[in-house]
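Got a predicted model here, sequence first, then my questions.
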Amino acid sequence: MAKSNGMAIKARLKKPLFEYALEEIQRKIITLEFEPGQPLDEKRISTLLGIGRTPIREALLKLSSSLMVQLTPNRGFVVKPITLQGTKSALDALKSLEFTVCEMIVKYDNSSLIEQMRTAQNSFVESFENRSTLQMVNANYNFHMIFDQGSRNEFLVHALQQVRLETMRLDYLNFGPKIDIDKGNNLFFANFIEDHERFIKELEDENEEGLKSTITNHIERYYKRIMSYLMK
């Protein structure tokens, strides 16, 4: 415990308190340590992180604008619940926005982006081999945001970033805090990794329809798996 507290203190000293609070609260939401629908008490979080309430409140306000947190009149800040309709809406939005990226990205030279995507893909595979769920979530986020940045459209990238912050919680559920090694999981992750490789191949070939087909299959497989969790 002392070692953990020491590391937390060092982390606080290296960055502004608002930034530290934002990252820590966001991480706890993504990893479901702060559960969907859970009230977020500023005093409790302040004690938990060892910092004042002002940066906590600033971070919660920022997260409410990214839809990870809701500010309600009677309950204050609450972690946004995960619902079937909300999940479907997020993935529908993701598909529509990424289709627009496909139409724009093939117009450019993407050689540098492809190399960055390969690096992110390698990180994802390594994280899977190490059974590190949070690292997998981050690597997957990086992979897709690199692709999305290929649109060269800051408004589109911003919209995708907002949706992907929400789907990071779904990623954590989907990848599983403790990844079971069974045939079903192995097949899911083999397909997931293969989809990423196909993303890169279709982008190299500047194949807009191939990219859209890969996105459709990727999201449909993802949706089917997350629904199986949410409907248990």
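Nice, thanks for sending it over.

Might you report the residue contacts of the residue sitting nearest the centre point of the chain?
Geometric centre of the chain, nearest residue: Met168, 2.6 Å, by CA atoms, centre = their mean. Residues touching Met168, when contacts are defined by CB atoms under 8 Å, 6 or more residues apart in numbering, comprise Ile30, Val137, Tyr141. To be clear about C-beta, it is placed using only N, CA and C from the backbone, and glycine gets the same treatment.

Burial check on the first one, number of neighbours?
When neighbours are defined as other CB atoms under 10 Å, Ile30 has 23 of them.

and it, what pLDDT?
At Ile30 the predicted local distance difference test score is 92.

Next, the contact list for it, please.
Contact criterion CB under 8 Å, 6+ apart gives Leu134, Val137, Met168, Arg169, Asp171, Tyr172 as the residues in contact with Ile30.

and those residues, which two are the farthest apart?
By the measure CB to CB, the contacts of Ile30 have their two most distant members at Leu134 and Arg169, which lie 11.5 Å apart.

Can you list the buried residues in the helix or strand hosting Leu91?
With elements taken from DSSP states H and E, the one containing Leu91 is helix 84-105. By neighbour count, with 16 or more other CB atoms under 10 Å as the criterion, the buried positions of helix 84-105 are Gly86, Thr87, Ala90, Leu91, Ala93, Leu94, Lys95, Leu97, Glu98, Val101, Cys102, Ile105.

what does stretch 207-226 give?
Residues of stretch 207-226 classed as buried under the neighbour-count rule (16+ other CB under 10 Å) are 207-208, 210-212, 214-215, 218-219, 222-223, 225-226.

From those, pick the one nearest Pro81.
Closest approach to Pro81 among the buried residues of stretch 207-226 (CB to CB): Ile226, at 14.5 Å.

Would you check how far apart that closest one and Glu115 are?
Counting by CB to CB, to the nearest Å, the separation of Ile226 from Glu115 is 30 Å.

How about Val106?
Distance from Val106 to Glu115, by CB to CB: 17 Å.

So for the two, which residue has more residues nearby?
Under the neighbour definition other CB under 10 Å, Val106 and Glu115 were set side by side, and Val106 has more, 18 against 12.

Quick check: phi and psi on the more buried one?
Geometry field for Val106 lists phi and psi as phi -70, psi -10, criterion degrees, to the nearest 10.

Who are the contact partners of it?
Residues touching Val106, when contacts are defined by CB under 8 Å, 6+ apart, comprise Leu203, Glu206, Asn207, Glu208, Leu211.

let's see it at 6 Å
The contact partners of Val106, by CB atoms under 6 Å, 6 or more residues apart in numbering, come to Glu206, Glu208.

again, but for Gly150
By CB under 6 Å, 6+ apart, Gly150 lies in contact with Ile105, Asn110, Leu113.

Which of these sits closest to Ser127?
Comparing the contacts of Gly150 against Ser127 with CB to CB picks out Leu113 as the nearest, at 20.8 Å.

thinking again about what came up before, same drill for Leu134 and Arg169, tell me which one is more crowded.
Using other CB under 10 Å, the more surrounded residue of Leu134 and Arg169 is Arg169, with 22 against 16.
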